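Asks: Sequence below, structure please.
(4 chains)
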There are 2 protein chains.
Amino acid sequence: MARATLKEVSELAEVSVATASLVLSGKSGNRFTEETATRVREAADQLGYRANRLARSLRSQQTRVLGLLSVEVLTTPYAGDMIRGAQLAARARDYDLLIVEINGTPEAFAEGFELLADHQADGVLVASFFHQELLIPKTRPRHMVLADAYAADHSVDAFVPNEYDSITQVLNLIGEAGHKHVGYIGDCNDYPAVRGREAALRDAALRFGWTNIEDNIARSEDTNSSDGYNSAIALLTKNPALTALVAYNDRLAMGAFRAAAELGLAIPEDLSIVGFDDQRLISEALRPGLTTVALPHLEMGRLAVEKLIQLVESEDENPPAEVAIIGDLVERGSVAPPSAHRTSLNLGQS
Amino acid sequence: MARATLKEVSELAEVSVATASLVLSGKSGNRFTEETATRVREAADQLGYRANRLARSLRSQQTRVLGLLSVEVLTTPYAGDMIRGAQLAARARDYDLLIVEINGTPEAFAEGFELLADHQADGVLVASFFHQELLIPKTRPRHMVLADAYAADHSVDAFVPNEYDSITQVLNLIGEAGHKHVGYIGDCNDYPAVRGREAALRDAALRFGWTNIEDNIARSEDTNSSDGYNSAIALLTKNPALTALVAYNDRLAMGAFRAAAELGLAIPEDLSIVGFDDQRLISEALRPGLTTVALPHLEMGRLAVEKLIQLVESEDENPPAEVAIIGDLVERGSVAPPSAHRTSLNLGQS
DNA sequence: TTCGACCGTTAAACGATTTAAACAATCGAT
DNA sequence: ATCGATTGTTTAAATCGTTTAACGGTCGAA
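Replies: Below is the predicted model of the structure:
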């Protein structure tokens, strides 16, 4: 049951542990007879030898373990792909991930950092469940990177979504389809995502000549489907000329679908709707499917870990940078050119 | 930057490392003067000493690290709570989780086990992303438990949902509301969940006197919202007398909502619908909210880790057992008594 | 003296890596 | 023939930072 140790291998092969170690680590450069080498390798095989990573790490002062401080990523269903991307990148370079879930408080950060330091993690990836600014305590791991977040003082390498370019893809779709009366269902919080997406909206409005864009924006505190419903009803009531709605996220878009149904507007014939996030549970389930933009979660996780490994192996001496990654446009069928004359718009009910 | 070692602490406190270790580990039983002890503790404080877990583990032959072999749990948005439950339970007893994501193939299992063994994990929790039977290779960790899965040979402690009792909660709701004509939107695969839920359905049908239950079952290969839509349309077309639909999961239920809307049936007045899973992205977003059952993901994760720790610390000599955990009923508003006369049922369109 | 408490230290692990040195064989030079 | 140098192969020993069994002084009491 107990695993074979290097000593046992060396005894079986009738060499010293040093020889066994040198042979098996491959770093021997033909210092040994081919005969000794194979004898060692066969002994190792026979015993099913695998190095004890604790011992190896203790001696070599590197664990090949990366800490993943997950700020609610595990908890929420939104960003699991980020962890998967991180795992993939880590495994590809023979690193493992020690994942610790925390809430975003400074104490939680401090505790998480200590915990990972106790385990001698070679580096730490802090992953957030949404694009936010993070206040990283001054006592921090030597090597760290951020995913879906950036440091308030910009002192850490960070990988975030390119909000502007990402949403511009769906805005272009709307614009190129010929819509002129476009509404926006937004979020009234002050997040990077909010700012980036609204900036893109305004630029698109200018570019395509959308009328009175500022008057066609509705914002809510929360972004549940019912908020989307309310905003959509409000927008369409105030301005029945709207032929397209852009939602800050898919949940809001889902509410807009319900509003459209209630107002007797067919999607996409009477009303085009686009979302953001590509929450498949929603975007694939709606009829028609929701045209939206997938956040680059997998990429952020992957790139962040790759960068982290570069830092750890000090192949990288560049100053910290923030990389904004564009998400993938997913076209599903909720966008069509505006119809010349709308079928109906009965605002009477509810 | 480099962390203080026990040796440094002992030098500052002017004692031997053994003394420092003994004092700090608390296992000294008054072998030392209170004065020496505080001197050590102050030195440790001053240097911010924290034990190197590699060294500690190497010496003590226990890592306080549990391996979490995640069979696609990370990847899918369904079962994140299981990992959270596991984390909570582990942290509560001062264990950490080394998470490795795998697909369910035997080779992946073997690799995962080896990897975790390399890290000298004290025990392994295998967590599945849905309730399934798992074929665990014969070479396996000394201590292991399963969550949301059970071993084909029942040789491992397992924590699974109680499918029968869980769905019975919504079935009772339907039955007690007075429905007699109930349809079931199912899955045609052979999973434990399918079997358990259908068994409960049949028993409920008997108990409440539901008519011709076997004729009112529709099953699909997949369980997307469109499958639910198709099944619901088929059921309601075949038997317009149905006043309630029970769905195998929330996605299917979501499709049933759409079918109802299309057929002009109001929920819950004309048609009651219940789901299963409580995928909040769906169940909270639908109007009315979907009455459903939440799977006990958090509990499975928590209990599995607690059991695992018992095994590791060998406080538990019982033979392997399988524990079935009931999920929580979440009532939202998609259930009402059957109406005496239905408003309409226009089967003409689509 | 001798025996227990009492307080503390020595030293051997744990399982690898890695440096420096030992050992052996070969070879030209004296 | 003998020696020193050279090259090629292998190993002893230190090291990483802990834990812990075993041991050793000191001192007051019997």
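
Asks: any residue of stretch A:47-61 up close to DNA strand D?
Replies: Yes. Using C-beta under 7 Å from any atom of the strand, stretch A:47-61 reaches DNA strand D at A:Ala55, A:Leu58, A:Arg59, A:Gln61. C-beta: built from backbone N, CA, C; applies to glycine.

Asks: Run through the strands of the stretch 51-200 of chain A in chain order.
Replies: A:65-71, A:96-102, A:123-134, A:144-151, A:157-161, A:182-187 (DSSP state E, counting those that start in this stretch).

Asks: The stretch 251-350 of chain A too?
Replies: Counting by DSSP E, counting those that start in this stretch, the strands of the stretch 251-350 of chain A are A:272-274, A:292-294, A:322-325, A:328-330.

Asks: A:Leu252 contacts A:Cys188, correct?
Replies: No. In this structure, A:Leu252 sits apart from A:Cys188 without contact. The criterion is C-beta atoms under 8 Å, and the distance is 12.0 Å.

Asks: Of these two, which one has the most company?
Replies: Under the neighbour definition other C-beta atoms under 10 Å in any protein chain shown, A:Leu252 and A:Cys188 were set side by side, and A:Leu252 has more, 32 against 13.

Asks: Just give the closest residue to the more buried one, not the sequence neighbours.
Replies: With C-beta to C-beta, 6 or more residues apart in numbering or on different chains as the measure, A:Gly228 is the residue that lies nearest to A:Leu252, at 3.3 Å, once sequence neighbours are left out.

Asks: Check the gap between the one you found and B:Phe257 for me.
Replies: 16 Å (C-beta to C-beta, to the nearest Å).

Asks: Repeat that for A:His181.
Replies: Counting by C-beta to C-beta, the gap from A:His181 to B:Phe257 is 30 Å.

Asks: Verify the stated contact: A:Arg41 with A:Leu24.
Replies: Yes. Between A:Arg41 and A:Leu24 there is a contact at 7.3 Å, judged by C-beta under 8 Å.

Asks: More neighbours: which of these two?
Replies: Between A:Arg41 and A:Leu24, A:Leu24 has the larger neighbour count (other C-beta under 10 Å), namely 19 against 16.

Asks: Tell me which residue lies nearest the centroid of chain A.
Replies: Relative to the mean C-alpha position of chain A, the nearest C-alpha, by C-alpha atoms, centre = their mean, is the one of A:His297, at 2.4 Å.

Asks: and the closest residue to that one other than its chain neighbours, how many residues sit next to it?
Replies: Closest residue in space to A:His297, ignoring its immediate chain neighbours: A:Asp81 at 3.8 Å, by C-beta to C-beta, 6+ apart. For A:Asp81, the tally of surrounding residues (other C-beta under 10 Å) stands at 21.

Asks: One more: A:Leu135?
Replies: Neighbour count for A:Leu135, taken as other C-beta under 10 Å: 11.

Asks: now do the one 4 residues further on
Replies: Using other C-beta under 10 Å as the criterion, A:Thr139 is surrounded by 11 other residues.

Asks: How about A:Leu206?
Replies: For A:Leu206, which is what you asked about, the neighbour count (other C-beta under 10 Å) is 10.

Asks: So which elements touch the host helix or strand of it?
Replies: Assigned by DSSP states H and E, A:Leu206 belongs to helix A:192-208. Identification of packing neighbours for helix A:192-208 by 3 or more C-beta pairs under 8 Å, 6 or more residues apart in numbering or on different chains; DSSP states H and E yields strand A:123-134, helix A:163-176, strand A:182-187.

Asks: Closest residue of the stretch 1-150 of chain A to chain B?
Replies: Taking C-beta to the nearest C-beta, chain B has its nearest neighbour within the stretch 1-150 of chain A at A:Pro77, 3.5 Å off.

Asks: That residue: what's it in contact with?
Replies: Under the criterion of C-beta atoms under 8 Å, 6 or more residues apart in numbering or on different chains, the neighbours of A:Pro77 are A:Gln279, A:Leu281, B:Pro77, B:Tyr78, B:Gly80, B:Leu281.

Asks: Just put those residues in JSON lines and tack on pLDDT and distance to DNA strand D.
Replies: Formatted as JSON lines, the entries for the contacts of A:Pro77 read as follows, by pLDDT from 0 to 100; distance: C-beta to the nearest atom of the strand, whole Å:
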{"residue": "A:Gln279", "pLDDT": "94", "distance to DNA strand D": "45"}
{"residue": "A:Leu281", "pLDDT": "92", "distance to DNA strand D": "47"}
{"residue": "B:Pro77", "pLDDT": "73", "distance to DNA strand D": "40"}
{"residue": "B:Tyr78", "pLDDT": "74", "distance to DNA strand D": "40"}
{"residue": "B:Gly80", "pLDDT": "82", "distance to DNA strand D": "34"}
{"residue": "B:Leu281", "pLDDT": "92", "distance to DNA strand D": "46"}
